[in-house]
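Trainee: The following comprises the amino acid sequence and a computationally predicted model.
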Amino acid sequence: MATKLIEVLTLEGAKTAIAAAEQKAKEIGVDMNIAIVDASTHLVHFSRMPNAKITSISIAMDKAFTAAGHKQGTHLYKDAVWPGGVAYGLGNSNGGRFTTFGGGLPIKNARGEVIGGIGASTGTPAQDQQVVQAGVDALDKVLRPGAELKAKL
């Protein structure tokens, strides 16, 4: 029987993504709630910037949950979930946590396997998307094969 090594997203990795996402939020001038979950959709790290909306806390967590659990960005559901769409009603699944608008992305390792998800909320879906993309991009730099910090994450 072959053994499969499973990579996990650590707290240190989550902090790397959050730091980059916070920096992008500052650049665009929108304080955000930012959540990182592992591949099992459990919260690893959360950040609430000073002026982020309290009502967006759970939305950020749900975007991360959706991205990790369904292994794709939440923005990809936009056209499918409208009445008559192939996934109409999908947002009611998983206890209402399934999120179908931008601001959630899966976090993948160097082999393309999902090891977590990141979600942001307070801005528009496009702004939230910019923030999570910055977090994913920061981790991509670290998780490339041969990257110096790969063993730490």
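Mentor: Done, it's in.
Trainee: need the strands for the protein, in chain order.
Mentor: For the chain, strands defined by DSSP state E occupy the ranges 33-38, 43-48, 104-108, 114-121.
Trainee: Nearest to residue 21 among those strands would be which one?
Mentor: Proximity to residue 21 (C-beta to C-beta) singles out strand 33-38 among the strands of the chain, at 4.8 Å. (Glycine included, C-beta is placed from N, CA and C.)
Trainee: In PDB, list the C-alpha atoms belonging to that closest one.
Mentor: The C-alpha trace of strand 33-38 is given here as PDB (Å, rounded to 0.1, in the frame of the first residue of the first chain):
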ATOM      1  CA  ASN A  33     -12.400  40.900   7.700                       C
ATOM      2  CA  ILE A  34     -10.100  38.200   6.500                       C
ATOM      3  CA  ALA A  35     -10.500  34.500   7.300                       C
ATOM      4  CA  ILE A  36      -8.200  31.500   6.500                       C
ATOM      5  CA  VAL A  37      -9.400  27.900   6.800                       C
ATOM      6  CA  ASP A  38      -7.700  24.600   6.300                       C
END
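Trainee: Tabulate the strands of the chain (JSON lines), appending mean neighbour count.
Mentor: Below are those laid out as JSON lines (neighbours: other C-beta atoms under 10 Å):
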{"stretch": "strand 33-38", "mean neighbour count": "29"}
{"stretch": "strand 43-48", "mean neighbour count": "19"}
{"stretch": "strand 104-108", "mean neighbour count": "27"}
{"stretch": "strand 114-121", "mean neighbour count": "29"}
